[in-house]
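Peer 1: Sequence first, predicted coordinates after that:
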Amino acid sequence: MKKVKDKWGEFDKKLLSEEEVKDLKKKFNNSTEYCKKAGYTNEEHQKKQKQNSDKVASIRGGIINSMVDFEHFLCIFLSSYFCEHWKDTEFYEHILAQDFFTAHQKIKLFRRIGYYKQEKYKGKYKGLSGIMSKLNELRNLVAHGTPFHFTKPELGFPYSGKAIHFDDALAKKFRTAFEQVYFSLYLLNEDLQEEKFKKEYEDG
């Protein structure tokens, strides 16, 4: 397997001195203390903000991590569908894994292929690509949303007026839909692999 080119050296680049960073941290802390003294906030309010922040981060992280796994599995299916066994890794690395091929485009391609719509499945996977799109839409929303000062466990989108409330119900709803999609992909991939091996055997 090829090593991924190191793109992270820029993290070591110093834009600000340690003293500047230290001064800015102090400035932020002083601002917080000023707001407390002025009555704009208090310890209880800040504790609630911390709880909301942690809750959003936990659910947000779970959704994003799961969707990374989903996209990887979708890439495996698409690579296998379009390529022979000795070429599927190249197709994955040089086409599907590139920045220009978004998750939305991969789902669209999956829908157009229509493998899951075959008569033999008798409608079992009807609506699968639609659920994929909804999950991806949610992933994009939670990845790019802005916190409402964490007065509530919500992320908002100022220009659209939308907001997502992060609670156990959202996490459970996402997990249920994610498992339906992920395991459906697993079963479809199993069928695809079986078909490919059978064809290779018949072709000698």
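Peer 2: Yes, it's here. Numbers count the residues shown, from 1 in each chain.
Peer 1: use CA for all of it now, contacts and neighbours both
Peer 2: Noted.
Peer 1: Surely Arg111 is within a helix?
Peer 2: Yes: assessed by DSSP: H, G, I helix; E, B strand; the rest coil, Arg111 belongs to a helix.
Peer 1: There's contact between it and Ser129 in this structure, I believe.
Peer 2: Yes: Arg111 lies in contact with Ser129 (CA atoms under 8 Å); the separation is 5.9 Å.
Peer 1: tell me the SS of Ile95?
Peer 2: Going by three-state DSSP: Ile95 is helix.
Peer 1: For it, give its distance to Lys87.
Peer 2: Going from Ile95 to Lys87 by CA to CA, to the nearest Å gives 12 Å.
Peer 1: and what of Ala57?
Peer 2: Counting by CA to CA - Ala57 and Lys87 are separated by 39 Å.
Peer 1: So which of the two has more stuff around it?
Peer 2: Neighbour count, other CA atoms under 10 Å: between Ala57 and Lys87, Ala57 has more, with 15 against 12.
Peer 1: confidence score at the more buried one?
Peer 2: At Ala57, the model reports a pLDDT of 86.
Peer 1: Show me what the helix or strand harbouring Ser58 is packed against.
Peer 2: Assigned by DSSP states H and E, Ser58 belongs to helix 43-82. On a contact count with 3 or more CA pairs under 8 Å, 6 or more residues apart in numbering; DSSP states H and E, helix 43-82 meets helix 88-91, helix 103-113, helix 128-144, strand 154-157, helix 168-203.
Peer 1: Mind listing what's buried along that helix?
Peer 2: 49, 51-53, 55-56, 59-60, 63-64, 66-67, 70-71, 73-81 (16 or more other CA atoms under 10 Å).
Peer 1: Output the lowest mean pLDDT helix or strand found in the protein.
Peer 2: None of the helices or strands of the chain scores lower by mean pLDDT, DSSP states H and E than strand 154-157, at a mean of 68.
Peer 1: follow-up on the earlier one: for Val21, find the nearest of the helices and strands packed on helix 43-82.
Peer 2: Closest to Val21 of the helices and strands packed on helix 43-82, according to CA to CA: helix 128-144, at 25.9 Å.
Peer 1: For that closest one, what does the pLDDT average out to?
Peer 2: When pLDDT is averaged over helix 128-144, the result is 92.
Peer 1: Other residues contacting that helix?
Peer 2: 60, 63-64, 67, 103-104, 107-108, 110-111, 155, 164, 174, 177-178, 181 (CA atoms under 8 Å, 6 or more residues apart in numbering).
Peer 1: Check stretch 76-84 too.
Peer 2: With CA under 8 Å, 6+ apart as the test, stretch 76-84 has contacts from 88-89, 91-92, 110, 185, 189, 192-193.
Peer 1: TSV for these, including distance to Asp168 and pLDDT?
Peer 2: Shown next, in TSV, are those (distance: CA to CA, whole Å; pLDDT from 0 to 100):
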residue	distance to Asp168	pLDDT
Asp88	39	82
Thr89	38	84
Phe91	38	84
Tyr92	35	87
Phe110	31	96
Leu185	26	96
Asn189	31	94
Leu192	36	93
Gln193	37	91
